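Q: Below: sequence and its predicted model.
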Amino acid sequence: MNALQQYIDLYDESREVFEQQSPDLLNALRREARELLQVARLPRKGSEDYEATDLESVFAHDYGVNVNRLPFDVDPENTFHCDVPNMSTCLYYSSNDAFHSSATAERNIGKVVVEPFCMAVDDYPELMKAYYGKLARMSDPTVALNTLLVQDGLFIYVPDGVVAERPIQLVNIFNAALDMMVQRRLLIVVGKNASLKLLACDHTQSPDYQYLNNQVIEIVALEGSTLDFYDMEESTPLTRRVSSIYVDQREGSNVLIDGITLINGFTRNNYHVEVNGEHAETHLLGMTIASGEQHVDSHTFISHNAPRCNSNEMFKYVLNDNAVGAFAGKILVKPNCPRVEAYQGNRNLCGAPTAKMYTKPQLEIYTDDVMCSHGSAVGQLDEEALFYMRTRGIGIAEARRLLMQAFVADVIDGVRLDALRDRLHYLVEKRFAGTLSNCAGCMAACKKNQE
């Protein structure tokens, strides 16, 4: 049976509930999404050019869906303390897919708008109508499913010329005491010559239940704007995530997207960037540390649709035990787009013979006078370096940890927030040392530190 059919049936049975609890703008796209899903099929294992992806089995599980948006008995602000040390942020929470603002965010947000879709459709109708659902491609069944079932989302808007004084931090929490799937949706609009730094953290409160986060993020970076978006995942081995990020970059914009997976079960990250203006600059970074049975799959697509722009892409994986990693990246340079500079790199370290990495870098160029390159490598720890370190009195475990940390250091150094960069070095060190657990596991320590 097609795994998507159960969700189509759920929507058909509860259509009135979905539409009554959602803005008209969201409801307007549901019919199209349903028609597309009726004939869509999710990728099965072995159906693509490598054997890593099996989204059919990910969505086939019998997840609960909170159609009636019942409240869960949790106070995320008092349960999770995820503020990065030495970095003052405007802090927001989502509990499953319901958004909550903290008191600090409300007092210090300034001119930056952060509010649910149900409010934004009234407060900013022109922006919501212009951009919601315009970037995300419903030819992807996971995007169509999100569009069909989503009942609210988060709208982040930085008006023209506004520089956000503080980074925004969005803490996403799974907290249901049952297996659950949620549809998270974000629309981010950064106005002309505006600037924003955004950190999103995914956590799971209970390690005993299976959760699936099917999220879609649409980003519009208007002329001369700057956006840093850091997407960090620290969940549990039973948590699954399918994330699709779509970006529209205009002339002179500068966008950095950095995806970091430290603890997870199954993750599929899709990045789709349309560079639509001259002198735009794109930085697309990814770092994965996986062990046990973890699975992390990244698909990237950067389309250069304008001349004289550049992109820099680097994804690094460190895999141990039976972990599986996959990277499929494509850079497209369209006709009449000279002076484009684009680099794509994928470097992978398999720390165990049972770990598997699948990689497929691609370039597609239809114009002259460009500088483009791509490369991929899969290897193991340098035995000579290990031997040298051991002769200097460093134990084998410590030597391996230091070499793995050095391998991912350049991706971490690409972070443009000093406090977050330092925090990531610390978290990665703990991860390689085997002492990093998901946020729920450190709640007691967090509370103690707050007292």
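A: Cool, the structure landed. Numbers count the residues shown, from 1 in each chain.

Q: What's the mean pLDDT across stretch 291-300?
A: Stretch 291-300 shows a mean pLDDT of 95.

Q: swap in stretch 324-343?
A: 96.

Q: Quick one: neighbours of Asp54, just the number.
A: Look at Asp54: counted by other Cβ atoms under 10 Å, it has 20 neighbours. C-betas here are computed from N, CA, C, even on glycine.

Q: which parts of stretch 160-172 are buried?
A: Residues of stretch 160-172 classed as buried: 162, 164, 166-172 (neighbour count, 16 or more other Cβ atoms under 10 Å).

Q: from those residues, which ones fall inside strands?
A: 168-172 (DSSP state E).

Q: rewinding a little: just send the buried residues of stretch 160-172 back as a markdown table, with pLDDT and distance to Tyr343 too.
A: Below are those laid out as a markdown table (pLDDT from 0 to 100; distance: Cβ to Cβ, whole Å):
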| residue | pLDDT | distance to Tyr343 |
| --- | --- | --- |
| Val162 | 95 | 31 |
| Ala164 | 92 | 29 |
| Arg166 | 88 | 32 |
| Pro167 | 91 | 27 |
| Ile168 | 92 | 29 |
| Gln169 | 91 | 30 |
| Leu170 | 92 | 30 |
| Val171 | 90 | 33 |
| Asn172 | 91 | 31 |
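
Q: Format those residues as TSV; extra columns: distance to Glu429.
A: Below are those laid out as TSV (distance: Cβ to Cβ, whole Å):
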residue	distance to Glu429
Val162	36
Ala164	30
Arg166	27
Pro167	23
Ile168	26
Gln169	22
Leu170	25
Val171	22
Asn172	24
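
Q: Closest one of those residues to Glu278?
A: Minimum distance to Glu278 across the buried residues of stretch 160-172 is 23.4 Å, recorded for Val162 (Cβ to Cβ).

Q: Report the contact partners of that closest one.
A: Counting by Cβ atoms under 8 Å, 6 or more residues apart in numbering, Val162 makes contact with 110-112, 191, 194-195.

Q: so which of those residues is the most crowded?
A: If you count neighbours using other Cβ under 10 Å, the busiest of the contacts of Val162 is Ala194, which has 25 neighbours.

Q: Contacts only, for that one.
A: 158-164, 222, 225-226.

Q: what does Asn264 give?
A: Going by Cβ under 8 Å, 6+ apart, Asn264 touches 233, 235-237, 239-241, 290, 294-296.

Q: Out of those, flag the one nearest to Ile8.
A: Arg240 (20.0 Å).

Q: what's across from that closest one in the sheet?
A: Counting by DSSP bridges, Arg240 forms beta bridges with Leu212, Phe266.

Q: Quick check: it vs Met138, distance?
A: The gap separating Arg240 from Met138 is 21 Å, by Cβ to Cβ, to the nearest Å.

Q: In the stretch 51-200 of the chain, mark out all the strands, start to finish.
A: All strands of the stretch 51-200 of the chain, identified by DSSP state E, counting those that start in this stretch, fall at 90-95, 98-101, 113-116, 154-158, 168-174, 180-190, 195-204.

Q: Turn the ones you listed into CSV, including distance to Gly393.
A: Formatted as CSV, the strands of the stretch 51-200 of the chain follow (distance: least, Cβ to Cβ, whole Å):
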stretch, distance to Gly393
strand 90-95, 44
strand 98-101, 51
strand 113-116, 52
strand 154-158, 51
strand 168-174, 41
strand 180-190, 49
strand 195-204, 38
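
Q: any idea which of the ones you listed scores lowest on pLDDT?
A: When the strands of the stretch 51-200 of the chain are ranked by mean pLDDT, strand 98-101 comes last with a mean of 79.

Q: tell me what that strand is packed against?
A: When contacts are defined as 3 or more Cβ pairs under 8 Å, 6 or more residues apart in numbering; DSSP states H and E, strand 98-101 packs onto strand 90-95.

Q: List the buried residues of the strand it packs on.
A: Across strand 90-95, burial judged by 16+ other Cβ under 10 Å covers 90-95.

Q: Identify the residue spatially nearest to Arg401, adjacent ones excluded.
A: Leaving aside its sequence neighbours, Arg401 sits nearest to Phe432 (Cβ to Cβ, 6 or more residues apart in numbering; 4.6 Å).

Q: Now the helix or strand hosting Ser243 - C-alpha only, CSV.
A: Counting by DSSP states H and E, the element that carries Ser243 is strand 239-249. Extracted in CSV, the C-alpha atoms of strand 239-249 (Å, rounded to 0.1, in the frame of the first residue of the first chain):
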residue,chain,number,x,y,z
THR,A,239,13.1,10.6,15.9
ARG,A,240,12.8,11.0,12.1
ARG,A,241,13.0,14.2,10.2
VAL,A,242,12.3,15.2,6.6
SER,A,243,13.2,18.9,6.1
SER,A,244,12.9,20.9,2.8
ILE,A,245,14.3,24.3,2.6
TYR,A,246,13.6,26.6,-0.4
VAL,A,247,15.5,29.9,-0.9
ASP,A,248,14.9,32.8,-3.3
GLN,A,249,17.9,35.1,-3.4
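
Q: Use 58 as the first number from now on
A: With the count now opening at 58, the last piece we talked about shows up as strand 296-306.

Q: Next SSE downstream of that strand?
A: Once the chain leaves strand 296-306, the next helix or strand it forms, by DSSP H and E, is strand 311-320.

Q: picking that back up, could you export the contacts of Ala251 as TSV, including distance to Leu235?
A: Below are the contacts of Ala251 laid out as TSV (distance: Cβ to Cβ, whole Å):
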residue	distance to Leu235
Val215	37
Pro216	41
Asp217	45
Gly218	46
Val219	42
Val220	43
Ala221	37
Leu279	42
Ser282	41
Thr283	41
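
Q: among these, which are in helices?
A: Using DSSP state H, the subset of those located in helices is empty.

Q: what's the closest of those to Arg242?
A: Ranked by distance to Arg242 (Cβ to Cβ), the contacts of Ala251 are led by Val215 at 18.4 Å.
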